[in-house]
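Peer 1: I would like to see how this sequence folds:
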Amino acid sequence: MTEKKSPPQETSFINEVEKSQLSRRKFFNYAGLSAVAAVGLASCQKDLRGGIPAAPFAKEDPKNMPKNTVNLGKGDIGILNFAYALEQLEAAFYIEVTKGSYYMSASSKEKKYLEDIRDHEIAHREFFKTVLGRQAIGRLLFDFSSVNFSSRESVLGTAKALENTGVSAYNGAGELLESADYLLFAGKIVSVEARHAAAISDLISYGSFADVVDSNGLDLVRTPKEVLAIADPFIVTKIIANNLPTS
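Peer 2: Predicted coordinates for the structure are as follows:
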C-alpha cells in the first residue's frame, strides 16, 4: 500500500457513539453468541496467552516500525487482526454516515437500517479488540473523501461494496483459521455481515438481496490479499500482511 495523508481527527460524536454502544454483552446480543461466546472468549483469551503454537504474533519493535504502519502478524492472530481491520473500516464508515443528517432522501426506514448496522459493526470491532487484547493492531486511519455522504447512491453503493467485500473476506479467511473457537466466531459474524449486505442491496433495488450469489447458490470468496487491495482506497494506515497464512 502507498502511504497517504492523514485525514482530520475523529469528532467527539464517535466517542459518544462508542460510549453508548460498546458493551461486550451488547455484541453478544447482536451476533447471537450468548452463553457460548462467554465460554469461547475465555478459551480464546487463554489461547492468546500462548495456547496455540500455530498462531504466534509477529512482534515488532515499535522503534523499527514506520510511522502509521501496522503489522497484522501471522497464523490465527494475523487473521483475527485482518478481521479487526475490516471491522474498524466498516464501523468508521457507518459512523460517518450516521453522524450528520444522512443523505437528503433518507427515509426513516433507511436511517434505522444504517444505525443498526453501525451498532453491529462497532460491536464487531470491539469484540475483536477484546479477544486480541495486547496483540491487537492499533486504531487505523481512514479516508472517505471519495464518498459523497449527501448522495444516497454514493452512500448505499459504498455500503454494498463494503458489506459484500466483508462477507467474501470471512469466507476466504475461515479456512485459514486453526482454532475451532475462532472459526465459530467468524461464522457467527459473517452471517450478520451477509444480512447487512442483503439489506443494503434490497434498499438499492428491491428484490436484489442475493445479487452476488453464484449459479451454485454460493457466496463469493476472496483471499486476504484480494480484500485488502479492494479496501486500500479507504485506508490511510499502511498494513503489512505478508505473514498471513495462505492455506
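
Peer 1: shaky segments in the protein?
Peer 2: 1-67, 101, 208 (pLDDT under 70).

Peer 1: how about the helices in this structure?
Peer 2: Using DSSP state H, the helices of the chain run over residues 12-21, 24-31, 34-46, 75-98, 108-132, 152-174, 180-204, 224-231.

Peer 1: so which of these gets nearest Leu141?
Peer 2: With respect to Leu141, and counting by CB to CB, the nearest of the helices of the chain is helix 75-98 at 9.0 Å. C-beta: built from backbone N, CA, C; applies to glycine.

Peer 1: Point to the residue nearest the middle of the protein.
Peer 2: For the chain, Glu87 is the residue whose C-alpha lies nearest the centre (CA atoms, centre = their mean; 1.7 Å).

Peer 1: does that one really touch Phe128, like I thought?
Peer 2: Yes: with contacts defined as CB atoms under 8 Å, Glu87 counts as touching Phe128 at a distance of 5.9 Å.

Peer 1: dump the residue contacts of the residue nearest to the centre of the chain.
Peer 2: By CB atoms under 8 Å, 6 or more residues apart in numbering, the residues touching Glu87 are 121, 124-125, 127-128.

Peer 1: now that we have the residues you listed, which one has the most neighbours?
Peer 2: When neighbours are counted by other CB atoms under 10 Å, Glu121 leads the contacts of Glu87 with 28 neighbours.

Peer 1: nearest residue to Ser105 other than its sequence neighbours?
Peer 2: Nearest non-adjacent residue to Ser105, counting by CB to CB, 6 or more residues apart in numbering: Arg152, 5.2 Å away.

Peer 1: Equivalent analysis for Thr158, please.
Peer 2: Of all residues not flanking Thr158 in the chain, Val147 sits nearest, at 5.1 Å (CB to CB, 6+ apart).

Peer 1: Tally up the residues packed near the one you found, please.
Peer 2: 17.

Peer 1: and it, what does it touch?
Peer 2: So Val147 contacts 93, 96, 154-155, 158 (CB under 8 Å, 6+ apart).

Peer 1: How much space separates it from Lys99?
Peer 2: Here the criterion is CB to CB, to the nearest Å. By it, Val147 lies 13 Å from Lys99.

Peer 1: Repeat that for Phe209.
Peer 2: 27 Å.

Peer 1: export the contacts of Glu87 to TSV and tack on distance to Leu162?
Peer 2: Listed next are the contacts of Glu87 as TSV, based on distance: CB to CB, whole Å:
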residue	distance to Leu162
Glu121	9
His124	13
Arg125	13
Phe127	18
Phe128	16
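
Peer 1: so which of those comes closest to Glu163?
Peer 2: Of the contacts of Glu87, the one sitting nearest to Glu163 (CB to CB) turns out to be Glu121, at 9.5 Å.

Peer 1: That closest one and Glu96 touch, don't they?
Peer 2: No: using CB under 8 Å, Glu121 is not in contact with Glu96, being 11.6 Å away.
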